[in-house]
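Undergrad: The amino acid sequence is not available; the structure is as follows:
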């Protein structure tokens, strides 16, 4: 069984399984950061949105396509700045995908395929969330809600999880 980056430009040798370790490791780190922050139940869609947004940030911020366990703590500041409220995270994700695909010359690694699936879910899924722009109505217990793209909920959760770590 080969790691996702071994086996040359074409991936694994014929008949061998290529394991997307870089993506799985990014997902593991994101999951651990969110669980440590204890912001919401791990079974919720909001948790998934936070994990996927944070995993994308972790995976796409690594230029070498492979994460090193030693660098996790040193990368927290980078991940925090990428997920900050005033940053164009969505445009950054799209640009990083374009760079990775151009570098792969038509071959999409298993890591990149899993990252792209997570990105599709974050973009195409909408979750019901509090409408922070609405004027509160005293009679409403939870306040007004609005359907929001999953990445817009997941990104601040990931950012907060980094700060709580």
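TA: Thanks, I have it. All values derive from a computational prediction rather than experimental measurement.
Undergrad: Residue 147 belongs to a strand, doesn't it?
TA: Yes: under DSSP: H, G, I helix; E, B strand; the rest coil, residue 147 sits within a strand.
Undergrad: How many residues are close by it?
TA: 10 (other CB atoms under 10 Å). Every C-beta, even on glycine, is put in place using the N, C-alpha and C of the backbone.
Undergrad: Pairing partners for it in the sheet, please.
TA: For residue 147, the beta-bridge partners under DSSP bridges are residue 128.
Undergrad: do you know how far it is from residue 82?
TA: Computed with CB to CB, to the nearest Å, the distance linking residue 147 and residue 82 is 25 Å.
Undergrad: Can you report how many residues neighbour residue 54?
TA: Counted with other CB under 10 Å, residue 54 comes out at 27.
Undergrad: Kindly spell out which helices and strands sit in contact with the helix or strand containing it.
TA: Assigned by DSSP states H and E, residue 54 belongs to helix 45-61. In terms of contacts (3 or more CB pairs under 8 Å, 6 or more residues apart in numbering; DSSP states H and E), helix 45-61 is packed against helix 21-37, helix 72-83, helix 89-104, helix 110-124, strand 126-130, helix 150-164.
Undergrad: Of the ones you listed, which stretch is the most buried?
TA: Most buried of the helices and strands packed on helix 45-61 by mean neighbour count (mean count of other CB atoms under 10 Å) is helix 150-164; its value is a mean of 22.
Undergrad: And the contacts of that one?
TA: By CB atoms under 8 Å, 6 or more residues apart in numbering, the residues outside helix 150-164 that reach it are 30, 33-34, 36-37, 39-40, 45-54, 57, 76, 79-80, 83-85, 89-90, 121-123, 125-127, 129.
Undergrad: pLDDT (mean, whole number) over that helix?
TA: If you average the pLDDT over helix 150-164, you get 93.
Undergrad: go on, stretch 30-45?
TA: The average pLDDT within stretch 30-45 is 92.
Undergrad: And for stretch 83-91?
TA: For stretch 83-91, mean pLDDT rounds to 93.
Undergrad: contacting residues for residue 90?
TA: So residue 90 contacts residue 151 (CB under 8 Å, 6+ apart).
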